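J.: Just to be clear, the model below is a prediction. Sequence and coordinates:
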Amino acid sequence: MTVPTDAPSYSRPTDHDPEVELLVAALPKISLHCHLIGSVAATTVVDLARKHGVGLEGRTADDLYDHDSYEDLGEFLRVLDLVGSVVRDVDDFHRITYESLTDGGAAHGVLHREIHLSPPGHPGVAYPTILDGVVAGMRDAQADTGITSGLVVGLCRERSGADALSLVEEVVRHRRDEVWGVGLDYEEVKGPPGLFVEAFAAAGRAGLRRTAHSESGPPAHVLTLLDELGCDRVDHGYHVVDDPEITARCVEERVPFTCTPVSSDIGRYSGSGDGSHRRIAEMVEAGLLVTIDSDDPPMFGTDPTHDHRVLAHALGWRREELAQLTLNGVEASWLDASGRADLRARVEARLALTRPTDDTHAEEQP
C-alpha cells in the first residue's frame with residue numbers, strides 16, 4: 001500500500017489560521033480513544049530503553065516514530081511492540097501514564113481520558129505490576145491537573161479467544177475501581193470480533209463496560225459488536241456509513257463512535273489518506289454520535305489539539321461543530337450519571353470562555 005505523493009504529512013503543521021489556533025487551543029476535550037502504549041513520548045522511550053538495556057534498532061528519539069510509514073498497520077504494530085518492551089516496572093508505568101495525562105492530555109485541554117491499556121503489549125510484566133504503576137500515575141495526574149480518567153483493558157485480537165478470556169478473568173481477579181471496561185485491539189483481519197464472544201460475556205457478567213476496534217472490517221462487524229459482544233461503544237467504525245440500515249440503528253440507539261482523524265487518515269481508514277476526513281464528515285451528517293481523539297499521538301505526529309485542528313481545516317468546522325464533538329464525548333464516557341453531570345458542567349464552563357472570540361468574529365462579518 002503506497003500513500004499518494006500529494007497525501008498530507010502529519011509530522012508537519014497544517015496551514016496557520018489565527019482563528020483556528022485560538023479555538024482549538026481553548027477547546028475543552030474529552031479523550032475516549034487513546035492507547036497508553038502509543039502515547040509514550042519518543043524521548044521517554046529512549047530513556048527507558050537505556051534504563052533496561054534494550055536496543056532500539058539503531059533509532060533515536062528523532063527517528064523512532066516514522067509517522068507516514070504507519071499506513072502499513074503491521075509496521076505500526078511492530079514499533080508499538082518495541083515501545084511496549086521497554087516499559088517494565090511500576091515506575092515506568094507511573095511515568096508514561098502521568099506524562100500521557102498531563103503533557104499529552106491536560107496541557108491540550110483534555111478534561112477526561114479513558115485510557116486504553118494493553119497488557120499483552122508488555123510481555124513478561126505481571127498485570128498487577130502494570131496496574132499499580134498506571135493507577136498511581138492516574139491519581140497523581142488528577143491531583144496535579146484535575147484531569148479525570150478511567151481504564152479500558154485491551155484484549156489482543158491476534159491471540160486466541162481463550163487467551164482473551166484468561167485476561168478478562170485476571171482483570172476481574174485484580175479488580176480496581178479505576179478499571180471500567182475492556183476493549184479489543186490490534187489487527188482486525190487476524191481476529192474478527194466473533195472469536196471473542198465468550199471473553200466479552202465474562203466481562204459483562206463482571207459488570208465491565210465493553211468496546212472494540214472496528215475499522216478495516218465490513219459494516220456487519222458493528223452488529224457483531226453490539227449484538228454478540230455487548231459493546232456500547234465502537235472504536236473507529238468508519239465503514240458503518242456503507243450500510244444505511246446499520247447506520248440508522250446506531251443513530252437511533254445513540255451508539256458512540258470514537259474517531260481518530262490523523263491516525264486513521266494515515267492508515268487509510270478515514271479519508272483514504274487524502275486529508276479530506278470525509279468518512280468522519282459522513283458519520284456526523286448521518287447523525288451518528290461521533291467523538292474525536294488521537295489514538296497513538298506521538299507515534300502519528302499528532303496530539304489532541306492537532307486532531308481538532310485538521311478537522312477545522314479540512315471540513316470548515318468551527319466552534320459549534322467542534323464543541324458538539326466534545327459534548328458527544330461527555331455522553332459517550334463511561335462515567336456514572338453523577339460523574340457525567342460534573343464533567344458536562346466543567347466542559348460547559350470552558351466552552352463559555354470560547355464565546356467572546358467567536359462572537360466578536362461573527363460581529364465583524366458584513
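T.: Sure, I can see it. None of the values given here were measured: they were computed from a predicted structure. Numbering: from 1, shown residues only.
J.: how many neighbours does the residue nearest to Ile147 when sequence neighbours are not counted have?
T.: Nearest in space to Ile147, with sequence neighbours left out and distances taken as Cβ to Cβ, 6 or more residues apart in numbering, is Ala106 at 4.5 Å. For the C-beta atoms, the positions are set from N, CA and C on the backbone; glycine is no exception. When neighbours are counted by other Cβ atoms under 10 Å, Ala106 registers 19.
J.: got a list of what Ala106 touches?
T.: The contact partners of Ala106, taken as Cβ atoms under 8 Å, 6 or more residues apart in numbering, are 141, 145-147.
J.: what about 10 Å?
T.: When contacts are counted by Cβ atoms under 10 Å, 6 or more residues apart in numbering, Ala106 is found next to 29, 113, 141-142, 144-147, 304.
J.: Then Val234?
T.: By Cβ under 10 Å, 6+ apart, the contact list for Val234 reads 211-215, 221-222, 225-226, 240, 250, 255-259, 288-289, 332.
J.: Where helices are concerned, which of the residues you listed count?
T.: When DSSP state H defines the helices, the subset of those inside them is 221-222, 225-226, 250, 332.
J.: out of those residues, who's nearest Leu184?
T.: Out of the ones in helices among the contacts of Val234, the one with the shortest distance to Leu184 is Leu225. That distance is 8.3 Å, counting by Cβ to Cβ.
J.: What's the local residue count around the closest residue to Ser264 other than its chain neighbours?
T.: With Cβ to Cβ, 6+ apart as the measure, Ser270 is the residue that lies nearest to Ser264, at 3.8 Å, once sequence neighbours are left out. If you count neighbours by other Cβ under 10 Å, Ser270 ends up with 27.
J.: Now name the helix or strand holding Ser270.
T.: Assessed by DSSP states H and E, Ser270 sits outside every helix and strand.
J.: Pretty sure it sits against Val240.
T.: No: contact criterion Cβ atoms under 10 Å: Ser270 and Val240 do not qualify, at 11.7 Å.
J.: where do the contact lists of the two overlap?
T.: Counting by Cβ under 10 Å, 6+ apart, the contacts common to Ser270 and Val240 are 279, 282-283.
J.: Which among the residues you listed count as buried?
T.: 279, 282-283 (16 or more other Cβ atoms under 10 Å).
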